[in-house]
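just to be clear, the model below is a prediction. Sequence and coordinates:
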Amino acid sequence: MAKPSDKTLVVLRFSALGDVAMCVPVLLALKRTHPHLNLIFVTKGRFLPVIAAIPGVRVIPLESENGNSGLPRLFSLGFQIFRTNPAAVADLHNVLRTKLLRVMPGSWLTPWRHLDKGRAEKAALTREENKVFAPLMSGHERSAEVFRKLGYSLQVEASDVLPARSLPEGINLGAEEAKLIGLAPFAAHAGKSYPPALVEELLGLLSGKADCNILLFGGGKKETDLFSRWESQYPNVQSMAGRFSMSEELAVISNLELMISMDSGNGHLAAMFGVPVVSVWGVTHPYAGFAPFGQPDSNSLTADREQFPLVPTSVYGNTYPEGYEQAIASVNPAQIAGKVAELLRQ
């Protein structure tokens, strides 16, 4: 068997979209510090466009060609990984499937390090009683620590972002001289989604600006239907839902002047291109370590903790006490519009 190459490092992060996007600045910092490294990144196939633009990174899809990602595919993937004779494996996911890969035959010949999720301190941050309300290590730093444990020094810097991509030919995003503002008002859980009535109020404040075009990002039938209605109801508003491939949508995001996002993947996608992000938080909080990369704390607009003292109620926004689904509404549209105006003046 060939000796392991000191230039090949396998990185595992299967999902989710926002978490994969959070890996980008860390990988860029790693490549900047260790340009000789060849990286193999394993993730879901649909996330390939997020990673593909990083020079010297090869992406292996989690799924087989027929879309299977079950145990047979997992073991096939493991053999595929070990055939590359990597110097080490960085597990940035640390879930059951990556743990199974660690115990496959041959895996013990390769150094492995995995992500420390900080479960204890996150539990302390989100519990109802004796809450420890203090900022935790960012997700970016947690990933960087994995590489440091493998012996690869790196320091993630604000400049570790991707360049803007060329827009697809023939795309019409409104007046050419207008500033493009992205708005992704929804998220996977109700406690992280901005109420539609408040989205409409926000659109009323933003869409009247002649020098701005508002681009709506999201998916799902309910969201798409709302976007279509708002597109026809407000000037200078366009829905991006279902119009583009992921690669094309990333190109649009990379050319934004600014993104308004809830605690969701779109904020991380914008941040990996160095786009300013105004993030809006409900039952979650940036103290858990999931703020978009490179953004000042002042860009995170959080729920009123005097009114909702148990925030954050969970790390992912999937659990919260009765009534806390309204916590995000304590960030009012005028507050968001004011922060947007402030950033556009800079």
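Cool, the structure landed.

switch to C-alpha atoms for all contacts and neighbour counts from now on
Noted.

low-confidence ranges, this protein, go.
1-6 (pLDDT under 70).

domain map for it?
The record, using automatic domain parsing to delimit domains, assigns the chain the ranges 8-149, 179-345.

would you mind finding the most buried of those?
domain 179-345 (a mean of 20; mean count of other C-alpha atoms under 10 Å).

distance between the ends of that one?
Start and end residues of domain 179-345 are separated by 12 Å (C-alpha to C-alpha, to the nearest Å).

quick one, strands of this protein?
Using DSSP state E, the strands of the chain run over residues 8-12, 38-43, 57-61, 88-91, 112-114, 179-184, 212-216, 237-239, 258-262, 277-280, 300-301.

will you turn these into JSON lines that also has distance to residue 196?
As requested, the strands of the chain are arranged in JSON lines below (distance: least, C-alpha to C-alpha, whole Å):
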{"stretch": "strand 8-12", "distance to residue 196": "36"}
{"stretch": "strand 38-43", "distance to residue 196": "33"}
{"stretch": "strand 57-61", "distance to residue 196": "36"}
{"stretch": "strand 88-91", "distance to residue 196": "38"}
{"stretch": "strand 112-114", "distance to residue 196": "40"}
{"stretch": "strand 179-184", "distance to residue 196": "12"}
{"stretch": "strand 212-216", "distance to residue 196": "13"}
{"stretch": "strand 237-239", "distance to residue 196": "15"}
{"stretch": "strand 258-262", "distance to residue 196": "13"}
{"stretch": "strand 277-280", "distance to residue 196": "14"}
{"stretch": "strand 300-301", "distance to residue 196": "18"}
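
residue 132: which of these is closest?
strand 300-301 (19.6 Å; C-alpha to C-alpha).

would you mind giving both backbone torsions of the residue lying closest to residue 29 once chain neighbours are set aside?
Once flanking residues are discounted, residue 29 sits nearest to residue 156: 5.3 Å by C-alpha to C-alpha, 6 or more residues apart in numbering. With angles defined as degrees, to the nearest 10, residue 156 sits at phi -80, psi 120.

distance of residue 156 from residue 22?
Taken as C-alpha to C-alpha, the span from residue 156 to residue 22 is 12 Å.

which parts of the stretch 151-300 of the chain are helices?
Shown for the stretch 151-300 of the chain, the helices assigned by DSSP state H, counting those that start in this stretch span residues 196-206, 221-233, 246-254, 265-271.

for the nearest residue to residue 252 once chain neighbours are set aside, give its distance to residue 269.
Using C-alpha to C-alpha, 6+ apart and skipping residues adjacent in sequence, the residue nearest residue 252 is residue 167, 6.2 Å away. Residue 167 sits 16 Å away from residue 269, going by C-alpha to C-alpha.

quick revisit: surely the residue nearest to residue 29 touches residue 25?
Yes - at 6.8 Å, residue 156 counts as touching residue 25 under the criterion of C-alpha atoms under 8 Å.

how about the residue positioned nearest the centre of the chain: what's its closest non-neighbour residue?
Of all residues in the chain, the one closest to the mean position by C-alpha atoms, centre = their mean is residue 18, 2.3 Å from it. The shortest distance from residue 18 to any non-neighbouring residue, by C-alpha to C-alpha, 6+ apart, is to residue 265 (3.8 Å).
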